[in-house]
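Novice: okay, sequence plus prediction incoming.
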Amino acid sequence: MLASASLCVYPGSITALVGRNGEGKSTLLKIAAGLLRPDYGVVRFGEHRLTHTRLPDMARRGLFFLPEHSLLCRSLTLGEHLAAIEYHFGGHDVEKAVALLDIGSLLDRAPHQLSGGERRRAELAMAVARGPTCLLADEPFLGIVPKDAEFLTEIFKQLSRDGCAVAITGHEVRSLFDTADDVLWMTAGTTHALGTPARAREHDQFVREYLGFEALR
C-alpha cells in the first residue's frame, strides 16, 4: 500500500523505480498513467496539474504506458498494431520504428507467434512510432535474455536522447542500473530518491535491505 510516494520523471532522463514485490511500484505507475485513482494526490504532466486522470486522456497528452503483461491484441498482427498507432496519432515514422527495433520480418505475425524478446521489441516499436513525451514501462526486462536486455537498454536511451521522459520498474538490477540516470527506491509505501546508480550502490540502507536481498533471490 502506498503511503507517501511520488514519482518525478524529466524529459531526456531515465528513472528506475525499484523495490521488493508488493511495495507498490506498479500501482504508482498505474496512478501516473490514469489506470488507477489515488485516494489523494495529483498528477502533474508538463504544465498541467490533474486531479482526475484516465489513460486515454494521458495518451492524448503524450504518455505511453507499457504494462508488465503484453500490450498487444491477440487478434491483430504486429503490422496492424503499428498501422493503428499511425492512424490514431500520426505524424511519426513507423518505418523508422520498424528499422530501429529490427522487426521488419515480424510484421505479419500475431502476438502468440512472437518470443518474449520479440514481443517486447514489438511493444517498444509501438512506443517509438507513437513518439511519446513520457514512457512508463512496468517490468520491461522481465523474462528477457541478456542480449535482448542490452538491445532494449539502447532503445530506452534513444527515446531519452530524443527528449522523452522515461520511467522503468523491475528487479533486474544490472539492466536497470545500466539503463537509468537516476534510481528511486520504494519501501514501506514510500519513495526515496537515491541519485545516480553509482550513488545508489553507496547507500547503506538500500544496499542492505534491497540489493543484498535481490542477490539472494
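Specialist: Perfect, thanks for sending it.
Novice: show me where this protein has helices.
Specialist: With DSSP state H as the definition, the chain shows helices at residue ranges 25-33, 55-61, 78-89, 94-101, 116-130, 146-161, 173-179, 197-200, 204-206, 212-215.
Novice: list the buried residues of the third one.
Specialist: Taking 16 or more other Cβ atoms under 10 Å as the basis for neighbour counts, the residues of helix 78-89 that come out buried are 78, 79, 81, 82, 85, 86, 89. The way it works is simple: take the backbone N, C-alpha and C, and place the C-beta from them, glycine included.
Novice: same thing with the shortest one?
Specialist: Along helix 204-206, the positions that meet the burial threshold by neighbour count (16+ other Cβ under 10 Å) are residue 206.
Novice: neighbouring contacts of it?
Specialist: Under the contact criterion Cβ atoms under 8 Å, 6 or more residues apart in numbering, helix 204-206 has outside partners 185, 192, 194, 200.
Novice: what sits against the third one?
Specialist: Think residue 194. Counting by Cβ under 8 Å, 6+ apart, the residues that residue 194 touches are 182, 183, 184, 185, 200, 203, 206.
Novice: kindly report the same for the first one.
Specialist: For residue 185, the contacting residues are 18, 19, 191, 192, 194, 200, 203, 206, 210, by Cβ under 8 Å, 6+ apart.
Novice: nearest to residue 37 among those residues?
Specialist: Distances from residue 37 to those, taken as Cβ to Cβ, are shortest for residue 191 (18.9 Å).
Novice: I figured the closest one hits residue 5, correct?
Specialist: Yes - taking Cβ atoms under 8 Å as the definition, residue 191 is a contact partner of residue 5 at 4.6 Å.
Novice: shared neighbours of those two, anything?
Specialist: With contacts taken as Cβ under 8 Å, 6+ apart, residue 191 and residue 5 have residue 28 as neighbours in common.
Novice: tell me, what's the model's pLDDT at the residue nearest the centre of the chain?
Specialist: For the chain, residue 137 is the residue whose C-alpha lies nearest the centre (Cα atoms, centre = their mean; 1.4 Å). Taken from the predicted model, the pLDDT recorded for residue 137 is 97.
Novice: ok, it to residue 112 distance?
Specialist: When distance is defined by Cβ to Cβ, to the nearest Å, residue 137 is 22 Å away from residue 112.
Novice: low-confidence regions, this protein specifically.
Specialist: Confidence mapping of the chain against pLDDT under 70 gives the ranges 91-92, 213-217.
Novice: returning to that earlier point: narrow the contacts of residue 194 to just the buried residues.
Specialist: Burial by neighbour count, judged by 16+ other Cβ under 10 Å, picks out 182, 183, 184, 185, 200, 203, 206 from the contacts of residue 194.
Novice: among these, which are in strands?
Specialist: Among the buried ones among the contacts of residue 194, the members falling in strands (DSSP state E) are 182, 183, 184, 185.
Novice: dump the residue contacts of residue 170.
Specialist: 16, 18, 139, 140, 141, 142, 176.
Novice: so what pairs up with the first one in the strands?
Specialist: Each beta-bridge partner of residue 16 is listed here, defined by DSSP bridges: residue 168, residue 183.
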